[in-house]
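Fold the following and give me the result.
(one chain, ligands or ions: 2)
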Amino acid sequence: MSSFAIRVPCSSANIGPGFDVIGLALSLHLELRVTIDDSKPSSELPLNCAITYEDQSKSTESISLDPEVNLITRVALYVLRCHNQRAFPVETKVHIVNPIPLSRGLGSSGTAVVAGVMLGNEVGKLGLSKDRLLDYCLMIERHPDNVAASLFGGFVGTYLNELKPEDVARKEIPLSEVLPSPAGGIDTGMKPPEPPLGIGHYRKFDWAPEIKAIAIIPDFVVPTADARNVLPQQYSRADVVFNLQRAALLPAALGTSPPDPEMIFLAMQDKVHQPYRKGLIPGLTEVLQSMTPATQPGLLGICLSGAGPTILALATDRFTEIADRIIARFATNNITCQWKLLEPAQEGTTVTPV
Ligand SMILES: Nc1ncnc2c1ncn2[C@@H]1O[C@H](COP(=O)(O)OP(=O)(O)OP(=O)(O)O)[C@@H](O)[C@H]1O
Ligand SMILES: N[C@@H](CCO)C(=O)O
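Ligands and ions are numbered 1, 2, ... in the order given. Reported below is the predicted structural model:
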(Lines give C-alpha, C1' and ligand atoms only; values in the text may rest on other atoms or scores of the structure.)
(Ligands and ions follow the chains in the order given, each with its own letter.)
Protein backbone atom coordinates (compact mmCIF):
# COMPACT_ATOMS: atom_id res chain seq x y z
CA MET A 1 0.00 0.00 0.00
CA SER A 2 1.32 3.46 -0.86
CA SER A 3 -0.27 6.88 -0.40
CA PHE A 4 0.65 10.34 -1.56
CA ALA A 5 -0.93 13.77 -2.05
CA ILE A 6 -0.68 16.02 -5.10
CA ARG A 7 -1.35 19.75 -4.48
CA VAL A 8 -1.83 22.11 -7.41
CA PRO A 9 -2.40 25.87 -7.01
CA CYS A 10 -5.03 27.68 -9.05
CA SER A 11 -3.94 30.49 -11.34
CA SER A 12 -4.90 33.85 -12.73
CA ALA A 13 -3.88 34.33 -16.36
CA ASN A 14 -3.13 37.48 -18.39
CA ILE A 15 -2.89 40.04 -15.49
CA GLY A 16 -4.11 42.68 -17.94
CA PRO A 17 -1.90 42.96 -21.06
CA GLY A 18 -0.23 39.51 -20.97
CA PHE A 19 -2.93 37.63 -22.89
CA ASP A 20 -1.92 33.94 -23.18
CA VAL A 21 1.55 34.84 -21.84
CA ILE A 22 1.55 35.83 -18.17
CA GLY A 23 0.24 33.74 -15.28
CA LEU A 24 0.18 33.92 -11.50
CA ALA A 25 -0.22 30.86 -9.25
CA LEU A 26 -2.42 31.63 -6.25
CA SER A 27 -2.90 30.15 -2.78
CA LEU A 28 -6.04 28.08 -3.44
CA HIS A 29 -5.11 24.45 -4.06
CA LEU A 30 -6.69 21.45 -5.76
CA GLU A 31 -5.63 18.38 -3.81
CA LEU A 32 -5.58 14.71 -4.85
CA ARG A 33 -5.19 12.09 -2.13
CA VAL A 34 -4.05 8.93 -3.87
CA THR A 35 -3.83 5.41 -2.47
CA ILE A 36 -2.52 2.39 -4.37
CA ASP A 37 -3.32 -1.02 -2.88
CA ASP A 38 -1.00 -3.39 -4.72
CA SER A 39 -1.74 -6.29 -2.34
CA LYS A 40 -4.73 -7.25 -4.54
CA PRO A 41 -4.08 -9.54 -7.50
CA SER A 42 -6.66 -7.76 -9.66
CA SER A 43 -9.39 -5.11 -9.52
CA GLU A 44 -13.08 -4.96 -10.47
CA LEU A 45 -12.87 -1.19 -10.81
CA PRO A 46 -13.04 0.37 -14.30
CA LEU A 47 -9.44 1.01 -15.34
CA ASN A 48 -8.50 -0.12 -11.76
CA CYS A 49 -9.48 3.31 -10.45
CA ALA A 50 -12.10 4.71 -8.06
CA ILE A 51 -12.68 8.46 -7.75
CA THR A 52 -14.31 10.36 -4.92
CA TYR A 53 -14.88 14.12 -5.08
CA GLU A 54 -15.22 16.69 -2.32
CA ASP A 55 -16.54 19.98 -3.67
CA GLN A 56 -15.40 22.93 -1.60
CA SER A 57 -16.00 25.39 -4.45
CA LYS A 58 -19.80 25.63 -4.26
CA SER A 59 -19.93 25.06 -8.04
CA THR A 60 -23.17 23.93 -9.61
CA GLU A 61 -21.52 21.73 -12.25
CA SER A 62 -21.17 18.10 -11.20
CA ILE A 63 -17.84 16.42 -11.78
CA SER A 64 -17.85 12.90 -13.22
CA LEU A 65 -16.57 10.10 -11.00
CA ASP A 66 -16.03 7.83 -14.00
CA PRO A 67 -12.26 7.56 -14.60
CA GLU A 68 -12.93 7.38 -18.34
CA VAL A 69 -14.70 10.75 -18.26
CA ASN A 70 -13.21 12.78 -15.41
CA LEU A 71 -10.74 15.34 -16.79
CA ILE A 72 -8.02 14.58 -14.19
CA THR A 73 -8.02 10.80 -14.70
CA ARG A 74 -8.40 11.11 -18.50
CA VAL A 75 -5.27 13.24 -18.58
CA ALA A 76 -3.45 10.75 -16.33
CA LEU A 77 -4.48 7.93 -18.71
CA TYR A 78 -3.16 9.91 -21.66
CA VAL A 79 0.26 10.15 -19.97
CA LEU A 80 0.17 6.46 -18.95
CA ARG A 81 -0.82 5.30 -22.44
CA CYS A 82 2.00 7.28 -24.01
CA HIS A 83 4.19 5.00 -21.86
CA ASN A 84 2.44 1.75 -22.76
CA GLN A 85 0.44 1.50 -19.54
CA ARG A 86 -3.22 1.03 -20.49
CA ALA A 87 -4.81 1.49 -17.03
CA PHE A 88 -4.09 2.63 -13.48
CA PRO A 89 -2.15 0.27 -11.20
CA VAL A 90 -4.29 -2.19 -9.18
CA GLU A 91 -5.95 -0.70 -7.17
CA THR A 92 -5.89 3.12 -7.33
CA LYS A 93 -8.16 5.35 -5.27
CA VAL A 94 -8.17 9.08 -6.02
CA HIS A 95 -9.91 11.43 -3.61
CA ILE A 96 -10.22 14.92 -5.13
CA VAL A 97 -10.66 17.93 -2.86
CA ASN A 98 -11.51 20.99 -4.95
CA PRO A 99 -11.96 24.51 -3.56
CA ILE A 100 -11.43 26.17 -6.99
CA PRO A 101 -14.64 27.49 -8.57
CA LEU A 102 -15.17 26.05 -12.06
CA SER A 103 -15.25 28.23 -15.19
CA ARG A 104 -14.75 31.47 -13.28
CA GLY A 105 -11.29 32.53 -14.49
CA LEU A 106 -9.15 30.94 -11.78
CA GLY A 107 -7.68 28.30 -14.07
CA SER A 108 -9.68 25.33 -12.76
CA SER A 109 -9.21 23.37 -15.99
CA GLY A 110 -5.47 24.10 -16.13
CA THR A 111 -5.18 23.02 -12.50
CA ALA A 112 -7.03 19.78 -13.29
CA VAL A 113 -4.78 19.14 -16.31
CA VAL A 114 -1.62 19.67 -14.23
CA ALA A 115 -3.03 17.38 -11.52
CA GLY A 116 -3.78 14.70 -14.12
CA VAL A 117 -0.34 14.86 -15.72
CA MET A 118 1.31 14.62 -12.29
CA LEU A 119 -1.02 11.73 -11.32
CA GLY A 120 -0.02 9.78 -14.45
CA ASN A 121 3.66 10.46 -13.77
CA GLU A 122 3.39 9.25 -10.17
CA VAL A 123 1.22 6.16 -10.50
CA GLY A 124 3.11 5.06 -13.63
CA LYS A 125 6.48 5.69 -11.90
CA LEU A 126 7.55 7.51 -15.05
CA GLY A 127 10.02 9.95 -13.46
CA LEU A 128 9.30 12.70 -16.00
CA SER A 129 10.69 16.15 -15.19
CA LYS A 130 8.36 19.12 -14.68
CA ASP A 131 9.68 20.60 -17.94
CA ARG A 132 8.55 17.47 -19.79
CA LEU A 133 5.22 17.42 -17.93
CA LEU A 134 4.60 20.94 -19.28
CA ASP A 135 4.73 19.46 -22.80
CA TYR A 136 2.00 16.97 -21.85
CA CYS A 137 -0.11 19.78 -20.35
CA LEU A 138 0.27 21.78 -23.56
CA MET A 139 -1.06 18.92 -25.65
CA ILE A 140 -4.32 19.42 -23.76
CA GLU A 141 -4.54 23.09 -22.82
CA ARG A 142 -3.01 25.03 -25.70
CA HIS A 143 -2.30 28.31 -23.92
CA PRO A 144 0.63 28.02 -21.48
CA ASP A 145 -0.16 30.80 -18.99
CA ASN A 146 -2.41 28.84 -16.58
CA VAL A 147 -0.68 25.45 -16.69
CA ALA A 148 2.88 26.83 -16.35
CA ALA A 149 1.85 28.93 -13.32
CA SER A 150 0.11 25.97 -11.66
CA LEU A 151 2.96 23.56 -12.40
CA PHE A 152 5.94 25.76 -11.51
CA GLY A 153 4.30 28.27 -9.15
CA GLY A 154 4.76 32.02 -8.78
CA PHE A 155 4.49 34.81 -11.33
CA VAL A 156 5.53 33.55 -14.75
CA GLY A 157 6.00 34.62 -18.34
CA THR A 158 5.44 31.82 -20.82
CA TYR A 159 5.90 31.15 -24.50
CA LEU A 160 5.38 28.42 -27.06
CA ASN A 161 8.27 27.44 -29.30
CA GLU A 162 8.03 27.61 -33.02
CA LEU A 163 8.01 23.93 -33.85
CA LYS A 164 10.05 22.10 -36.48
CA PRO A 165 7.88 21.29 -39.53
CA GLU A 166 7.78 17.59 -38.61
CA ASP A 167 6.48 18.46 -35.13
CA VAL A 168 3.77 20.85 -36.32
CA ALA A 169 1.66 17.95 -37.53
CA ARG A 170 2.17 16.12 -34.24
CA LYS A 171 1.18 19.13 -32.16
CA GLU A 172 -1.88 20.02 -34.17
CA ILE A 173 -3.55 16.71 -33.63
CA PRO A 174 -7.23 17.17 -32.72
CA LEU A 175 -7.79 17.03 -28.98
CA SER A 176 -10.20 14.14 -29.44
CA GLU A 177 -7.24 12.02 -30.53
CA VAL A 178 -5.04 13.16 -27.70
CA LEU A 179 -7.73 12.56 -25.11
CA PRO A 180 -10.30 10.17 -26.56
CA SER A 181 -13.57 10.63 -24.67
CA PRO A 182 -14.30 8.43 -22.90
CA ALA A 183 -10.65 7.56 -22.44
CA GLY A 184 -11.25 3.83 -22.46
CA GLY A 185 -13.90 4.12 -25.23
CA ILE A 186 -12.77 1.76 -27.86
CA ASP A 187 -9.38 0.81 -26.52
CA THR A 188 -7.52 -0.08 -29.66
CA GLY A 189 -4.31 -0.51 -27.69
CA MET A 190 -2.78 2.22 -29.86
CA LYS A 191 -0.33 4.64 -28.30
CA PRO A 192 -1.69 8.21 -28.33
CA PRO A 193 0.45 10.94 -29.95
CA GLU A 194 3.28 11.95 -27.65
CA PRO A 195 4.09 15.64 -27.27
CA PRO A 196 7.10 17.03 -29.12
CA LEU A 197 9.98 17.96 -26.80
CA GLY A 198 9.95 21.52 -25.44
CA ILE A 199 6.64 22.81 -26.86
CA GLY A 200 6.60 25.60 -24.31
CA HIS A 201 8.77 27.29 -21.71
CA TYR A 202 8.42 29.69 -18.83
CA ARG A 203 10.44 32.21 -16.86
CA LYS A 204 9.71 33.14 -13.24
CA PHE A 205 9.53 36.83 -12.37
CA ASP A 206 10.04 38.46 -8.98
CA TRP A 207 6.98 39.42 -6.97
CA ALA A 208 7.06 42.23 -4.40
CA PRO A 209 6.06 40.67 -1.05
CA GLU A 210 3.71 43.54 -0.15
CA ILE A 211 1.37 42.72 -3.05
CA LYS A 212 -1.69 40.56 -2.35
CA ALA A 213 -4.38 39.40 -4.77
CA ILE A 214 -8.08 39.96 -4.15
CA ALA A 215 -10.22 37.62 -6.26
CA ILE A 216 -13.82 38.81 -6.63
CA ILE A 217 -15.75 35.84 -7.98
CA PRO A 218 -19.19 36.50 -9.51
CA ASP A 219 -21.84 33.81 -9.13
CA PHE A 220 -22.01 32.84 -12.79
CA VAL A 221 -19.79 30.88 -15.15
CA VAL A 222 -18.03 31.92 -18.36
CA PRO A 223 -16.62 28.84 -20.11
CA THR A 224 -13.16 29.72 -21.46
CA ALA A 225 -14.10 28.45 -24.93
CA ASP A 226 -16.94 31.03 -25.10
CA ALA A 227 -14.64 33.81 -23.90
CA ARG A 228 -12.09 32.94 -26.61
CA ASN A 229 -14.74 32.80 -29.33
CA VAL A 230 -15.61 36.49 -28.84
CA LEU A 231 -12.02 37.63 -29.54
CA PRO A 232 -11.17 39.02 -32.97
CA GLN A 233 -8.87 37.21 -35.40
CA GLN A 234 -6.92 40.39 -36.10
CA TYR A 235 -5.89 43.48 -34.14
CA SER A 236 -4.85 47.01 -35.05
CA ARG A 237 -1.16 47.85 -34.81
CA ALA A 238 -2.01 50.55 -32.22
CA ASP A 239 -3.72 48.04 -29.89
CA VAL A 240 -0.88 45.51 -30.21
CA VAL A 241 1.71 48.18 -29.44
CA PHE A 242 -0.41 49.41 -26.50
CA ASN A 243 -0.34 45.91 -24.96
CA LEU A 244 3.34 45.25 -25.75
CA GLN A 245 4.34 48.49 -24.02
CA ARG A 246 2.45 47.53 -20.88
CA ALA A 247 3.41 43.84 -20.88
CA ALA A 248 7.07 44.86 -21.05
CA LEU A 249 6.62 46.96 -17.90
CA LEU A 250 4.49 44.54 -15.89
CA PRO A 251 7.16 42.12 -14.52
CA ALA A 252 9.38 44.99 -13.34
CA ALA A 253 6.40 46.87 -11.92
CA LEU A 254 5.13 43.90 -9.87
CA GLY A 255 8.62 42.78 -8.87
CA THR A 256 9.76 46.09 -7.42
CA SER A 257 9.50 46.75 -3.70
CA PRO A 258 8.01 49.04 -2.51
CA PRO A 259 5.40 48.86 -5.29
CA ASP A 260 4.65 51.97 -7.35
CA PRO A 261 0.81 52.09 -7.63
CA GLU A 262 0.69 54.45 -10.64
CA MET A 263 3.17 52.32 -12.61
CA ILE A 264 1.34 49.06 -11.76
CA PHE A 265 -2.06 50.48 -12.63
CA LEU A 266 -0.76 51.61 -16.02
CA ALA A 267 1.06 48.31 -16.65
CA MET A 268 -2.16 46.33 -16.07
CA GLN A 269 -4.16 48.02 -18.86
CA ASP A 270 -5.24 45.89 -21.83
CA LYS A 271 -6.81 46.30 -25.27
CA VAL A 272 -6.51 42.74 -26.54
CA HIS A 273 -9.02 40.67 -24.56
CA GLN A 274 -10.90 42.59 -21.85
CA PRO A 275 -12.82 44.99 -24.14
CA TYR A 276 -14.16 42.06 -26.21
CA ARG A 277 -15.31 40.09 -23.17
CA LYS A 278 -17.55 42.81 -21.73
CA GLY A 279 -20.58 41.30 -23.49
CA LEU A 280 -20.15 38.12 -21.43
CA ILE A 281 -19.64 39.90 -18.12
CA PRO A 282 -22.28 42.55 -17.37
CA GLY A 283 -20.68 45.69 -15.91
CA LEU A 284 -17.08 44.63 -16.69
CA THR A 285 -16.04 47.99 -18.17
CA GLU A 286 -17.57 49.90 -15.26
CA VAL A 287 -15.88 47.63 -12.71
CA LEU A 288 -12.46 48.02 -14.37
CA GLN A 289 -12.91 51.81 -14.50
CA SER A 290 -14.46 52.12 -11.05
CA MET A 291 -11.28 52.92 -9.14
CA THR A 292 -7.65 53.93 -9.49
CA PRO A 293 -4.84 54.18 -6.92
CA ALA A 294 -5.74 57.89 -6.66
CA THR A 295 -9.37 57.18 -5.73
CA GLN A 296 -8.83 53.98 -3.70
CA PRO A 297 -5.93 53.85 -1.23
CA GLY A 298 -4.24 50.44 -1.16
CA LEU A 299 -5.19 49.60 -4.76
CA LEU A 300 -2.43 48.85 -7.26
CA GLY A 301 -4.28 47.53 -10.30
CA ILE A 302 -7.40 45.77 -11.48
CA CYS A 303 -8.04 43.33 -14.34
CA LEU A 304 -10.08 40.38 -15.52
CA SER A 305 -8.70 37.11 -14.13
CA GLY A 306 -8.07 34.73 -17.04
CA ALA A 307 -11.14 34.56 -19.25
CA GLY A 308 -13.35 35.83 -16.41
CA PRO A 309 -15.76 36.49 -14.87
CA THR A 310 -13.51 36.78 -11.77
CA ILE A 311 -11.92 40.19 -11.21
CA LEU A 312 -8.37 40.32 -9.84
CA ALA A 313 -7.47 43.41 -7.83
CA LEU A 314 -3.86 43.72 -6.67
CA ALA A 315 -3.43 45.68 -3.47
CA THR A 316 -1.22 46.29 -0.47
CA ASP A 317 -3.95 47.26 1.98
CA ARG A 318 -7.71 47.93 2.51
CA PHE A 319 -8.64 44.58 0.99
CA THR A 320 -12.19 44.42 2.36
CA GLU A 321 -12.95 47.98 1.22
CA ILE A 322 -11.71 47.24 -2.32
CA ALA A 323 -13.65 43.98 -2.55
CA ASP A 324 -16.82 45.62 -1.21
CA ARG A 325 -16.64 48.39 -3.82
CA ILE A 326 -16.30 45.90 -6.69
CA ILE A 327 -19.07 43.70 -5.29
CA ALA A 328 -21.31 46.79 -5.03
CA ARG A 329 -20.63 47.57 -8.71
CA PHE A 330 -21.63 44.06 -9.75
CA ALA A 331 -24.74 44.33 -7.55
CA THR A 332 -26.04 47.15 -9.78
CA ASN A 333 -26.30 44.44 -12.48
CA ASN A 334 -27.97 42.04 -10.00
CA ILE A 335 -24.81 39.93 -9.80
CA THR A 336 -23.72 38.57 -6.43
CA CYS A 337 -20.09 37.67 -5.70
CA GLN A 338 -17.86 36.00 -3.17
CA TRP A 339 -14.30 37.17 -2.62
CA LYS A 340 -11.01 35.71 -1.42
CA LEU A 341 -7.75 37.26 -0.36
CA LEU A 342 -4.97 35.22 -1.97
CA GLU A 343 -1.19 35.28 -2.22
CA PRO A 344 1.19 33.99 -4.89
CA ALA A 345 1.76 30.24 -4.51
CA GLN A 346 5.51 30.15 -5.13
CA GLU A 347 5.99 26.40 -4.76
CA GLY A 348 3.80 25.24 -7.64
CA THR A 349 2.70 21.62 -7.80
CA THR A 350 3.98 19.34 -5.04
CA VAL A 351 3.83 15.61 -4.38
CA THR A 352 4.22 14.42 -0.80
CA PRO A 353 3.97 10.96 0.78
CA VAL A 354 1.16 10.66 3.35
N1 LIG B 1 -11.17 19.46 -10.50
C2 LIG B 1 -11.71 19.20 -11.67
N3 LIG B 1 -12.03 17.94 -11.99
C4 LIG B 1 -12.55 17.65 -13.18
N5 LIG B 1 -12.84 18.58 -14.14
C6 LIG B 1 -12.55 19.85 -13.88
C7 LIG B 1 -11.96 20.22 -12.64
N8 LIG B 1 -11.77 21.55 -12.66
C9 LIG B 1 -12.21 21.99 -13.86
N10 LIG B 1 -12.68 20.98 -14.59
C11 LIG B 1 -13.27 21.09 -15.94
O12 LIG B 1 -12.85 22.31 -16.53
C13 LIG B 1 -13.99 23.10 -16.91
C14 LIG B 1 -13.71 24.57 -16.71
O15 LIG B 1 -12.75 24.97 -17.64
P16 LIG B 1 -12.69 26.44 -18.23
O17 LIG B 1 -11.43 26.50 -19.03
O18 LIG B 1 -13.97 26.76 -18.92
O19 LIG B 1 -12.63 27.40 -16.97
P20 LIG B 1 -11.47 27.77 -15.95
O21 LIG B 1 -10.26 26.94 -16.25
O22 LIG B 1 -12.03 27.66 -14.58
O23 LIG B 1 -11.25 29.31 -16.26
P24 LIG B 1 -9.99 30.12 -16.89
O25 LIG B 1 -9.36 29.22 -17.90
O26 LIG B 1 -10.59 31.36 -17.51
O27 LIG B 1 -9.09 30.49 -15.78
C28 LIG B 1 -15.11 22.61 -16.00
O29 LIG B 1 -16.36 22.84 -16.63
C30 LIG B 1 -14.80 21.14 -15.83
O31 LIG B 1 -15.32 20.42 -16.93
N1 LIG C 1 -5.15 33.33 -21.59
C2 LIG C 1 -6.38 32.61 -21.52
C3 LIG C 1 -6.61 32.16 -20.11
C4 LIG C 1 -7.87 31.38 -19.96
O5 LIG C 1 -7.80 30.77 -18.75
C6 LIG C 1 -7.53 33.49 -21.96
O7 LIG C 1 -7.62 34.63 -21.51
O8 LIG C 1 -8.37 33.02 -22.76
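
quick one: the residue nearest the centre of the chain and Leu80, what's the gap?
Computing the C-alpha centroid of the chain and ranking residues by C-alpha atoms, centre = their mean puts Gly107 first, at 2.9 Å. Counting by C-beta to C-beta, to the nearest Å, the gap between Gly107 and Leu80 amounts to 24 Å. (Glycine included, C-beta is placed from N, CA and C.)

swap in Trp207?
Trp207 sits 35 Å away from Leu80, taking C-beta to C-beta as the criterion.

what about the strands in the stretch 1-150 of the chain?
When assigned using DSSP state E, counting those that start in this stretch, the strands of the stretch 1-150 of the chain occupy the ranges 2-13, 22-36, 49-55, 92-98.

follow-up on the earlier one: OK, contacts around the residue nearest to the centre of the chain?
Gly107 is in contact with Cys10, Ser11, Ser12, Ala13, Gly23, Ile100, Asn146, Ala149, Ser150, Gly306, counting by C-beta atoms under 8 Å, 6 or more residues apart in numbering.

Nearest approach to Thr292 belongs to which of the strands of the stretch 1-150 of the chain?
Proximity to Thr292, assessed across the strands of the stretch 1-150 of the chain by C-beta to C-beta, is greatest for strand 2-13 (20.2 Å).

before we move on, the earlier item: same drill for Trp207 and Leu80, tell me which one is more crowded.
When neighbours are counted by other C-beta atoms under 10 Å, Trp207 and Leu80 differ, and Leu80 comes out ahead with 24 against 18.

model confidence over the helix ranked longest in the chain, on average?
Secondary structure assigned by DSSP state H gives helix 237-255 as the longest helix of the chain. With pLDDT averaged residue by residue, helix 237-255 scores 98.

who in the stretch 201-350 of the chain is up against ligand 2?
When proximity is defined as C-beta under 6 Å from any ligand atom, the stretch 201-350 of the chain approaches ligand 2 at Thr224, Ala227, Arg228, His273, Gly306, Ala307.

Give me the buried entries from the residues you listed.
Neighbour counting over those (16 or more other C-beta atoms under 10 Å) leaves Thr224, Ala227, His273, Gly306, Ala307 as the buried ones.

So which of the residues you listed belong to helices?
The subset of these that ends up in helices is Thr224, Ala227, with DSSP H as the criterion.

now the buried ones among the residues of the stretch 201-350 of the chain next to ligand 2 as TSV including pLDDT?
Formatted as TSV, these follow (pLDDT from 0 to 100):
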residue	pLDDT
Thr224	92
Ala227	96
His273	98
Gly306	98
Ala307	97
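
just the buried ones among the residues of the stretch 201-350 of the chain next to ligand 2 now: which is nearest Ile327?
Ile327 has its nearest neighbour among those in Gly306, at 19.1 Å by C-beta to C-beta.

shouldn't that closest one be in contact with Ala13?
Yes - applying C-beta atoms under 8 Å, one finds Gly306 in contact with Ala13, separated by 4.2 Å.

just the residues of the stretch 201-350 of the chain next to ligand 2 that are near ligand 1?
When contact is defined as C-beta under 6 Å from any ligand atom, those meet ligand 1 at Thr224, Gly306, Ala307.

Show me which positions of stretch 208-219 end up buried.
Neighbour-count burial for stretch 208-219, counted by 16+ other C-beta under 10 Å, picks out Ala208, Ile211, Lys212, Ala213, Ile214, Ala215, Ile216, Ile217, Pro218.

quick one, what contacts Tyr276?
With contacts defined as C-beta under 8 Å, 6+ apart, Tyr276 is in contact with Val230, Leu231, Pro232.

wait, which of those residues is closest to ligand 2?
For the contacts of Tyr276, the minimum distance to ligand 2 (C-beta to the nearest ligand atom) is 7.7 Å, reached by Leu231.

How many residues are close by the closest one?
When neighbours are defined as other C-beta under 10 Å, Leu231 has 14 of them.

What distance do you get for the residue nearest to it when sequence neighbours are not counted to Val287?
Counting by C-beta to C-beta, 6 or more residues apart in numbering, the nearest residue to Leu231 once its immediate chain neighbours are dropped is Tyr276, at 5.2 Å. Look at Tyr276 and Val287: by C-beta to C-beta, they are 16 Å apart.

do the same with Ala313
From Ala313 over to Val287 the distance is 10 Å, taken as C-beta to C-beta.

now swap in Gly110 and tell me
24 Å.

Tell me who's in contact with Ala253.
Counting by C-beta under 8 Å, 6+ apart, Ala253 touches Pro259, Asp260, Met263, Ile264, Ala267.

can you do 7 Å?
Taking C-beta atoms under 7 Å, 6 or more residues apart in numbering, we find Ala253 in contact with Asp260, Met263, Ile264, Ala267.

repeat for Pro144
When contacts are counted by C-beta under 7 Å, 6+ apart, Pro144 is found next to Leu138, Thr158, Leu160, Gly200, Tyr202.

Can you tell me the number of residues neighbouring the nearest residue to Val240 once chain neighbours are set aside?
The spatial neighbour of Val240 that comes closest, neighbours along the chain excluded (C-beta to C-beta, 6+ apart), is Val272 at 7.5 Å. As a burial measure, Val272 scores 21 neighbours (other C-beta under 10 Å).
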